[in-house]
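Colleague: sequence first, then the predicted structure, then my questions.
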Amino acid sequence: MIWRCRDVTFDLTDRVLVMGIVNVTPDSFSDGGRYLDPGLAVARCHELLAEGADLLDLGGESTRPGSADVPAAEQWRRLEPVLTAMTRERPEAAISVDTRSAEVAELALAAGARIVNDVSALADPAMGDTVAHAGAGLILMHMRGTPETMQRDTAYGDVTTEVATFLRERVDAAGVAGVARECIALDPGIGFAKSAQGSLELLARIPELAAIGRPVLVGASRKSFLARLTGDEGPPQERVPASLAAAALATWQGAHILRVHDVAATVRAVKIASAARKAVR
Ligand code: HH2
C-alpha cells in the first residue's frame, strides 16, 4: 500500500513509519511548554530525525481532553518559525501539521509541509479543498465532539465498528472534496472520546480498520489509558515502557504509522514487532 504526500510517496507494504511529535504549545499534555521557544522546537525536530523519525508532526494547538480551541493566527505564530527553519534546513524531511484549521493548513502547505493531520476529520469545510489543491497527505482521525467535551462521550455499542463506519464516511467526504484516496491515512483516535477499554479494544482490532484499505496511524504515546492499565501515577514522561508495549502491539496488529514522543525507543520496538510479523508470513 502506498501513501502519497505531495512529492513523497511512502511504500507501506513492508514498512512501519515512525512519526515524531513536536508540540509548539504551552499546554500539551506531555511536552507542553518544552518546545514553545522556536529554537528549542527546531532543535527537537533535528533530534527526532537523527533518532530515526520518518515524519515529524508539528502542532500549535493542544487537543488534550478539556483544551479550548487556539485561534488560527496564534497557531501560525507558533508554527511559522519552526516550519520555515525546518523546510530550509531539512527540505527532504516529511513534515505534517497537526491542525483542524484550513487557514493554518494552507499556510503550512505553502511553507513546505507535506501532510495535514486533522484530528477533526474535515470539520472545517475548507480543509478538503486546501489539502486536495496541494496534493498533500491527509490524516483523518475519529473523535466525537471537540477536545473540550469529548471525554463526556465515551460509550459505544461496538467501538471498532462505529469508528470504522465513521472513517469510511470521512474517506468518502475527502474524496468529494477532491482528495485522492492514495493521499489519505486513517486514525482511530486513541484517547479521543474513548474510555481506556475503548482505546485498548481499538488497538487490538486494528485489522478491521486496515480493511478499509488505507494506512492506519496509531497515536497511543504516553496517553492516560496506559497509566490507567498499569496503575502508574507519575507524569506522562514515565509512560514510555507502556507506550513501547502499545507501539509493538500496534505494529503486530498491522498499523502503518505510529505517532510518538519517544522516537529512538519506538524505532527499536517496531523493529522487533515487524520482524516477528514477517517471520510468520
Ligand atoms: N493525539 C494527540 C494529538 N494529535 N493526531 C492524531 N492523528 N492522532 C492522535 O492520536 C493524536 C493527534 C494528542 O497528543 P499530543 O500531541 O502529545 O498532545 P496535545 O494534544 O496535548 O498537544
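Modeller: The structure has been received and is ready for your questions.

Colleague: Met141 - nearest residue in space that isn't next to it in sequence?
Modeller: Asp187 (4.0 Å; CB to CB, 6 or more residues apart in numbering). Quick note: C-beta positions are derived from backbone N, CA and C, even for glycine.

Colleague: hang on, I meant Pro38
Modeller: Pro81 (3.9 Å).

Colleague: and for Ala41?
Modeller: Closest to Ala41 by CB to CB, 6+ apart is Tyr35, at 4.0 Å.

Colleague: and for Ala132?
Modeller: Gly178 (3.5 Å).

Colleague: quick check, that neighbour in contact with Met127.
Modeller: No - here Gly178 does not reach Met127: they are 11.4 Å apart, not a contact under CB atoms under 8 Å.

Colleague: between the two, which one's more packed in?
Modeller: The neighbour comparison of Gly178 against Met127 (other CB atoms under 10 Å) goes to Met127, with 27 against 12.

Colleague: spell out which residues of the stretch 1-150 of the chain are next to the ligand.
Modeller: 21, 23, 25, 28-30, 59, 62-64, 98, 117, 119, 139, 141 (CB under 6 Å from any ligand atom).

Colleague: quick one: contacts for the residue lying closest to Ala53 once chain neighbours are set aside?
Modeller: Distances taken as CB to CB, 6+ apart place Gly20 nearest to Ala53, at 3.6 Å, with adjacent residues excluded. Neighbouring residues of Gly20 by CB atoms under 8 Å, 6 or more residues apart in numbering: 45, 48-49, 51, 53, 55-57, 260-261, 263.

Colleague: contacts for stretch 226-235 next, please.
Modeller: Residues from elsewhere that reach stretch 226-235 (CB under 8 Å, 6+ apart): 196, 200, 220, 236, 238-239, 242-243, 246.

Colleague: out of these, who's the most crowded?
Modeller: Ala246 (29 neighbours).

Colleague: shouldn't that one be within a helix?
Modeller: Yes - the assignment for Ala246 (DSSP: H, G, I helix; E, B strand; the rest coil) places it in a helix.

Colleague: residues contacting it?
Modeller: Taking CB under 8 Å, 6+ apart as the definition, contacts of Ala246 comprise 203, 218, 220-221, 226.

Colleague: can you tell me the SS state at Thr161?
Modeller: Under three-state DSSP, Thr161 comes out as helix.

Colleague: which non-adjacent residue is nearest it?
Modeller: Glu208 (7.6 Å).

Colleague: any idea which helix or strand carries the one you found?
Modeller: helix 206-210 (DSSP states H and E).

Colleague: report pLDDT for Asp14.
Modeller: pLDDT recorded at Asp14 is 89.

Colleague: any idea how far the closest residue to it other than its chain neighbours lies from Thr251?
Modeller: Nearest residue to Asp14 in three dimensions, chain neighbours excluded: Lys278, at 7.4 Å (CB to CB, 6+ apart). Separation of Lys278 from Thr251 (CB to CB, to the nearest Å) stands at 11 Å.

Colleague: ditto for Ala105
Modeller: 29 Å.

Colleague: compare neighbour counts for these two and give me the winner.
Modeller: Taking neighbours as other CB under 10 Å, Ala105 and Thr251 compare with Ala105 leading, 28 against 25.

Colleague: OK, contacts around that one?
Modeller: Neighbours of Ala105 in contact, by CB under 8 Å, 6+ apart: 97, 99, 113, 116, 118, 127, 130-131.
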